[in-house]
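Visitor: Structure for this input, please:
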Amino acid sequence: GPRIALRFFGGFGLSTDLCSDSDMIAQAYKEGVPMGSDLNPPGLFSSQPTFFVQALQDPGSADEPGAPLARIQIIKGWVNEQGEAQRAVHTLARGDGNFETNPATCASSGSGSSSLCATWTDESFNASDHAFYYARVLAEPTCRWNAYLCGQLSGEARPSVCDQADIPKVIRERAWSSPIWFTP
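Guide: Prediction:
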C-alpha cells in the first residue's frame, strides 16, 4: 500500500497558524494531543477544538513514484443528545489538481502537491456530545495493478477481461489517522 506520511493533532487552543510554523510538530505536541489520544476538556480560552493535519506524499521509487496528494479531510463522528449517531466530512485542503493518469496507457502527466497542511476548528462542537475525529488523506488517481498488467500484454496474450468496461482501471490511494476522541 501507499506510504503517505500523516500527522494529526487536536486540542482546545491549538494554534491555527501551525502550517506556517517551522517548528509545527513540536508546537502541536506542546499545545494539543496526537492521534490516538483523548482531547482534554475545553479550556478557559477556547471552547471549540482545533485540529492540525500535515501529510506528505508517498515518495515511491524511481520505477514507481508515489502519487501527488489530492486533499485532506477530517471526519467527525458524534452521538447527539438523542443518542443518534452522526457523521460529517470536512475537506480542509486540496492539491493543485493538475495531475492526470490515462487509464488506457497508465501514463501520468502534470504536477501535483507533494505535501498538504491544514488546520480546522470545529465550530459546531458541543461539549455534551461524545465525539471522535480522524484525518483522511486522498492521493490523485493512478492505475490499478490490473491496468498495468493489461498494458504489458498484446495480441492473444491479452485476456478479454482487460477490455471489460466494468473492471476498474484506476485507484485512489488513501491514508487515515487513528482517531482523537472527546468524552464529555
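Visitor: So which residues of this protein form helices?
Guide: 24-31, 145-152 (DSSP state H).
Visitor: for these, which one ends up most surrounded?
Guide: Here the criterion is mean neighbour count by mean count of other Cβ atoms under 10 Å, and of the helices of the chain the winner is helix 24-31, at a mean of 16. Where you see a C-beta, it was placed from the backbone N, CA and C, and this is true even at glycine.
Visitor: ok, now which ones touch Ser20?
Guide: By Cβ atoms under 8 Å, 6 or more residues apart in numbering, the contact set of Ser20 is empty.
Visitor: can I get the helices of the chain in a markdown table with distance to Gly95?
Guide: Formatted as a markdown table, the helices of the chain follow (distance: least, Cβ to Cβ, whole Å):
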| stretch | distance to Gly95 |
| --- | --- |
| helix 24-31 | 19 |
| helix 145-152 | 22 |
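Visitor: most centrally placed residue in this protein?
Guide: By Cα atoms, centre = their mean, the chain has its centre lying nearest to Val137, at 1.3 Å.
Visitor: Need the helices of the chain in JSON lines (columns: distance to Arg94 and mean pLDDT).
Guide: As requested, the helices of the chain are arranged in JSON lines below (distance: least, Cβ to Cβ, whole Å; pLDDT from 0 to 100):
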{"stretch": "helix 24-31", "distance to Arg94": "20", "mean pLDDT": "95"}
{"stretch": "helix 145-152", "distance to Arg94": "25", "mean pLDDT": "85"}
